[in-house]
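**Q** Have a look at this prediction, sequence included:
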Amino acid sequence: MPQRPSFEALFRVSPNAYLLLDPDLVILDANAAYLELTARSIEEIAGRRIQDAFAADPQFPESTHVDELLDSFARVLRTKALDTLPVIRYSIAVSSGNGAAYEDRYWSATHTPLLDDNGEVIAILQHTVNITELQQLKDSLRSAEPAGQPAQQIEAAIISRARFIQDEGNQLRRLFAQAPGFVCFLRGPEHVFELVNEAYQQLTGHRQLLGKPVRDGLPELEGQGFITLLDDVYRTGEPYTDKGMRALLHRRPGAEPEELYVDLVFQPIIERDGRTSGIFVLGSDVTEQHRNQQELREYREHLEELVRERSRELLDSESARRTAQAALMQAQKLEAVGKLTGGIAHDFNNMLQIIGGNLQLLRRNLSGDETAQRRLESAVGGVEKGARLASQLLAFASRQPLQPQSVDVGELLGQMSELLNGALGRAVQVDVDVASDLWPVLADVGNLQAAILNLAVNARDAMGDGGTLCLRLRNRSLDAAQLAGQPGADPGPYVELAVIDQGEGMRPEILERAFEPFFTTRKDKNASGLGLSMVYGFVKQSGGFVVLESEEGKGTSVRVYLPSRVALGEQGGRVAAISEQCDSASASSEQVEPTYASGLRILFVEDDPTLRMLTGEVMDELGHQVSLCESAEAALKQLEQHPFDVLLTDVGLAGMSGIELVREARSRDANLSVVIASGYAVDARDVGLDDLRTMLKPYDIHQVRSLLESIQAERTIAGRS
């Protein structure tokens, strides 16, 4: 392929006059055509502001329209879009035998912003054309002026008209930019952005939109109905108006889509021949109003329900109304805390990933230093504790669906000791009794923690003034006769978790309804009645069952039976593979050695540069060929140019998401093994992908190694590598 000239070479040899300025309007560079046009050397003007390098004529300042020039640059910096000056009078100094003299000249200029990766203006390129020939034409016409209107008047009228049009255009641009709502103009059937104002840029996250179709500039709108509406308006020529339309927009790189509500008007632009040339979009962001109305509506409905419930018991007293209002405010606060907690835990996982990975790599270099090893192990322990905390936060935020993995329930109880003590208070003494050689179970850690916490809190409330809460773990081998009262449960090994309290117990009629949703005896505490229902549903979904025993005045025993991994075997496809990965996290800190002589060809996509470098280094040490990408778009280009065995991508990427990348990659290469890494569990069924592996953050070296060994073994058996 022939070598292409650089853009700097094109800048230098172009016959057109170009000037390069920084955002402060300091001259950075000029090409030869510009220097010749202005009779300047680069040494005379470089490093000076343009209004200083080309100062106004002090005797005739009206011949140099400096303010008009600076206004154009200001529009470029504010809108980050191209701006033109069709005609501007600007006299410049030229050397003469008597010193500096000024020549009256007319120019036409175009100012183009140059943007960095963040969309900020880093330089302005000025293209200048000398149009002073109009003045020369005036002089030549004066000598042969016909009997009609003088040429001078004609030219003056032309220039006056041009100035009027220019001023009118500038005024329209200012009005457009300062419109209180968001405004844009879309050209043609592809709806290409031709104009956008500052409010529209704020709405869409200050992305580069000009010159792009809506589908490319705002790809997340696909499937939300907006593009279909634009197509209909363009096709029919009929305007469309709607209020409170819901939209999901990526307003920050790498962040989850934000939910917005907008009032919109799609107004078609009809030409004289009746053809639609584009669509004028006008609207306003009413997200806050919508949320306020929604919260007010939910508040009112919930409050009315609470008032009706309390009215039946307390005759609609003022005390009942205040209690209902306080309960509602508490529920709203907990919901807000849950959303905030989920976001914090996601970012916390990424930090733990980087810290933990570097500590594991560092461990191999400190084998001879016991003090450093001890400190390193302490740091690793802190990372593991942080990972457990992040997992508990995610479970609290209800951000994890069931993600089964191998769990030692005894160890889990030990990890939850601080959480249990804080939740139960000093009045409750916790007695933990764990049998030796306890079998592991296959269960979702977050939901299992929530179930234990629910049962413990129920027991605390039942004991009133305090007492002893016993948590007991035993291995149980159950046969068909023992499971006669548990339909759907299979005979085999189980782990029994018993939660025993010294509370008031339950009457038989209450015991029969204990697992019913919304049934509760603690109405005076505004209980939801969902605690035992959630435990029952989670355990049944995990293949186990719950036995509830209670006698009034003698306390309550809740026994949860979870099937042991011994009963499940090692088959089970992706679930078993995920469990093995989680088991490997507790393996000893050994040297990471390549397992196969010929490694996998891996395309790793991660927008965090530190995590990308760290994980890429680990996979390279394992003997694999690794290509690193920071975005889905770059990864697709790599997939077009090179064959790969594995695509490992983070789920949250700027622009196209990891899920969208996997879908596109699978459509191109059905044999490609794909892995999604995320702080939240990703269910292949929910995203419509088969054979999707997931790796939960924070993952360590051993999880990466186990995952890649599993993939390579699978591909070897299938004959794909």
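**A** That came through fine. Residues are numbered from 1 along each chain as shown.
**Q** which secondary element of the chain has the worst mean pLDDT?
**A** One helix or strand of the chain scores below all others by mean pLDDT, DSSP states H and E: helix 574-584, with a mean of 38.
**Q** Got phi/psi on the residue nearest the centre of the chain?
**A** In the chain, the C-alpha nearest the mean C-alpha coordinate belongs to residue 255, at 1.8 Å (Cα atoms, centre = their mean). Phi and psi for residue 255, reported as degrees, to the nearest 10, are phi -90, psi 160.
**Q** Give the burial count for the residue nearest to it when sequence neighbours are not counted, as a bare number.
**A** Distances taken as Cβ to Cβ, 6 or more residues apart in numbering put residue 652 closest to residue 255, at 7.6 Å, once the chain neighbours are dropped. The way it works is simple: take the backbone N, C-alpha and C, and place the C-beta from them, glycine included. Residue 652: 21 surrounding residues under other Cβ atoms under 10 Å.
**Q** what kind of secondary structure is residue 652 in?
**A** With DSSP: H, G, I helix; E, B strand; the rest coil as the basis, residue 652 sits in coil.
**Q** ok, it to residue 126 distance?
**A** Going from residue 652 to residue 126 by Cβ to Cβ, to the nearest Å gives 40 Å.
**Q** same thing with residue 701?
**A** Distance from residue 701 to residue 126, by Cβ to Cβ: 54 Å.
**Q** do the same with residue 666
**A** Per Cβ to Cβ, residue 666 is found 48 Å from residue 126.
**Q** Using PDB, write down the CA coordinates of stretch 548-563.
**A** Below are the C-alpha coordinates for stretch 548-563, written out as PDB (Å, rounded to 0.1, in the frame of the first residue of the first chain):
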ATOM      1  CA  LEU A 548     -40.800 -24.400  60.200                       C
ATOM      2  CA  GLU A 549     -41.400 -25.600  63.700                       C
ATOM      3  CA  SER A 550     -42.800 -23.500  66.500                       C
ATOM      4  CA  GLU A 551     -44.900 -23.700  69.700                       C
ATOM      5  CA  GLU A 552     -46.500 -20.800  71.500                       C
ATOM      6  CA  GLY A 553     -44.300 -19.700  74.400                       C
ATOM      7  CA  LYS A 554     -41.400 -22.000  73.500                       C
ATOM      8  CA  GLY A 555     -39.700 -20.300  70.600                       C
ATOM      9  CA  THR A 556     -39.300 -21.100  66.900                       C
ATOM     10  CA  SER A 557     -36.900 -23.200  64.800                       C
ATOM     11  CA  VAL A 558     -36.500 -22.600  61.100                       C
ATOM     12  CA  ARG A 559     -34.500 -25.300  59.300                       C
ATOM     13  CA  VAL A 560     -33.200 -24.600  55.800                       C
ATOM     14  CA  TYR A 561     -32.000 -27.600  53.700                       C
ATOM     15  CA  LEU A 562     -29.800 -26.800  50.800                       C
ATOM     16  CA  PRO A 563     -28.600 -29.700  48.500                       C
END
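**Q** Any idea how far it is from the middle of the chain?
**A** The chain centre lies 44 Å from the centre of stretch 548-563; the measure is Cα atoms, centre = their mean, to the nearest Å.
**Q** Check stretch 551-571 too.
**A** Computed by Cα atoms, centre = their mean, the separation of stretch 551-571 from the middle of its chain amounts to 39 Å.
**Q** need the strands for the stretch 351-500 of the chain, in chain order.
**A** 404-407, 428-434, 441-444, 467-478, 492-500 (DSSP state E, counting those that start in this stretch).
**Q** of the ones you listed, which approaches residue 554 most closely?
**A** Evaluated over those, closeness to residue 554 peaks at strand 492-500, with 10.8 Å, by Cβ to Cβ.
**Q** which regions of the stretch 1-150 of the chain sit below the pLDDT cut-off?
**A** For the stretch 1-150 of the chain, applying pLDDT under 70 flags the ranges 1-5, 95-100, 134-150.
**Q** show me where it has strands.
**A** Counting by DSSP E, counting those that start in this stretch, the strands of the stretch 1-150 of the chain are 17-21, 27-30, 83-89, 92-96, 99-103, 106-115, 121-130.
**Q** can you give me the strands for the stretch 601-721 of the chain?
**A** Going by DSSP E, counting those that start in this stretch, the stretch 601-721 of the chain shows strands at 601-605, 625-629, 646-650, 673-678, 693-696.
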